[in-house]
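1. following is a predicted model, sequence given first.
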Amino acid sequence: MMIQTKRGAISHIIISTILGHGGFGMFPYFFFPAFWYFLFMVWWHNITVIAKSATRHRRHGNFIWWNPMTWKFVHRIQSKQSILNSFGLTNPGVFICAIMIRTALMLGFHVIPSFFTDFSRSYEIGLKETLEAMHIYKKILGKHFWALESNPSCPNSGEDINSNQTNILDLCIALKQNYPDLVLIVKGSIVYQGEFYAQLEKAGVDIIHAINTIPFDIAIKLGISPYKKSPLGEKTKGGFSGKIITDAACKYTTATVIPATTQSLIFGGGISEWCDTLPYQQTLRSRGDKRGFSFSVCTAAKFDFVGAAKFAKNFHPIEY
């Protein structure tokens, strides 16, 4: 079942982050003819896009697109159609990102903003900056600001994902108090226990996006990393995305996330073709679970824009 909310619908296939902070592309993909086909299909078929995460202020992470010396922080694993990256949330800040999203909306794209809250200085500062960001989104996007993805689980943020759980829950409660009609999506991580997703539901979160990139150290423990030491360095080990994490993401989500919450779900983690979606759909079906769900595509598009476009265009869920 497609995700239907009180404010709008989300397509069965979502394009996440690969279309940049504005939701209509990013360097260097504009130079690839296949990208323009992908972009057209997303636009023509009204496919929902979740933008790459913004922060309150401009942020220089590890990867800077105009500095070739930093390109090493996006490490391709071609044989596995996967990426190990330590992008580090590089972005121009929420004000510029909101203007970019507004441009995409004017062009006819359906874009949901994504925001990363920085708790490194304190919860109070993180909350203040998040509420400032919400005001900016509301002012620039207007009626189109109906949904937001909160991304608290970025393995390249420099923060301990596990230790932030209380802050995340408090933040969600505050966001729903200040913006009760906002459809709130939270991006989960393989490091979270099932209880955390139940707590997110109680905090008012409408949709769970499971899961984010798998951190390097966790991938080592799961036996899915082809490296014993990160090629990005010990300080910025990065996280894996793509086909290399497909099975691990599926096992975690079906065993931990689905039973923990009754909210709608966005399934991610290396989704690239219809067969990748079957275990999720079959798990829901075996439970008699008819909640809304979608599938998130990101890294797959980077390796095959045409294939990702056809997958998004032709996807149909199995019938219950």
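-> The structure has been received and is ready for your questions.

2. by contact count, what packs against the helix ranked longest in the chain?
-> Longest helix in the chain by number of residues (criterion: DSSP state H): helix 123-141. Under the contact criterion of 3 or more Cβ pairs under 8 Å, 6 or more residues apart in numbering; DSSP states H and E, helix 123-141 touches helix 94-106, helix 165-178. From N, CA and C alone the C-beta is placed, and that goes for glycine too.

3. can we see that at 10 Å?
-> In terms of contacts (3 or more Cβ pairs under 10 Å, 6 or more residues apart in numbering; DSSP states H and E), helix 123-141 is packed against helix 94-106, strand 114-115, strand 147-150, helix 165-178.

4. quick one: mean pLDDT for that helix?
-> Averaged across helix 123-141, the pLDDT comes to 97.

5. what's the answer for stretch 76-89, then?
-> If you average the pLDDT over stretch 76-89, you get 89.

6. buried ones in it, by neighbour count?
-> Along stretch 76-89, the positions that meet the burial threshold by neighbour count (16 or more other Cβ atoms under 10 Å) are 77, 80-89.

7. please apply the same query to stretch 182-200.
-> Residues of stretch 182-200 classed as buried by neighbour count (16+ other Cβ under 10 Å): 182-192, 196-197, 199-200.

8. same thing with stretch 306-320?
-> By neighbour count on 16+ other Cβ under 10 Å, the buried set for stretch 306-320 is 308-309, 311-312, 315, 317.

9. follow-up on the earlier one: next, the angle helix 94-106 makes with the longest helix of the chain.
-> Helix 123-141 and helix 94-106 are oriented at 30 degrees to each other (axes from the mean of the first three to the mean of the last three Cα atoms, to 10 degrees).

10. so how far is helix 123-141 from its chain's centroid?
-> Relative to the mean C-alpha coordinate of its chain, helix 123-141 is positioned 19 Å out (Cα atoms, centre = their mean, to the nearest Å).

11. what of stretch 230-240?
-> On Cα atoms, centre = their mean, the centre of stretch 230-240 falls 20 Å from the chain's centre.

12. now the strands for the stretch 151-300 of the chain?
-> Across the stretch 151-300 of the chain, reading from the start of the chain, the strands by DSSP state E, counting those that start in this stretch fall at 183-187, 207-210, 214-215, 239-242, 264-267, 293-297.

13. I'd like those strands laid out as CSV, including mean pLDDT and distance to I15.
-> Shown next, in CSV, are those (pLDDT from 0 to 100; distance: least, Cβ to Cβ, whole Å):
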stretch, mean pLDDT, distance to I15
strand 183-187, 97, 14
strand 207-210, 96, 13
strand 214-215, 94, 20
strand 239-242, 94, 14
strand 264-267, 98, 12
strand 293-297, 97, 6
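
14. for those, which one sits closest to F115?
-> Proximity to F115, assessed across these by Cβ to Cβ, is greatest for strand 183-187 (10.4 Å).

15. for R7, which of the helices and strands packed on helix 123-141 is the nearest?
-> Taking Cβ to Cβ as the criterion, strand 147-150 is the member of the helices and strands packed on helix 123-141 that comes nearest to R7, at 6.6 Å.

16. neighbouring contacts of the closest one?
-> Strand 147-150 is contacted by residues 5, 7-8, 10, 14, 16-17, 48, 50-51, 53, 111-117, 130, 133-134, 137, 168, 171-172, 175, 179, 182-187, 200, 205-207, 209, 266 when judged by Cβ atoms under 10 Å, 6 or more residues apart in numbering.

17. give the buried residues for the longest helix of the chain.
-> Of the residues in helix 123-141, those buried under the neighbour-count criterion (16+ other Cβ under 10 Å) are 123, 126-127, 129-131, 133-134, 136-137, 140-141.

18. turn the residues you listed into TSV, including distance to T254.
-> Written out in TSV, the entries for the buried residues of helix 123-141 read as follows (distance: Cβ to Cβ, whole Å):
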residue	distance to T254
Y123	32
G126	32
L127	33
E129	35
T130	31
L131	35
A133	33
M134	33
I136	37
Y137	33
I140	38
L141	34
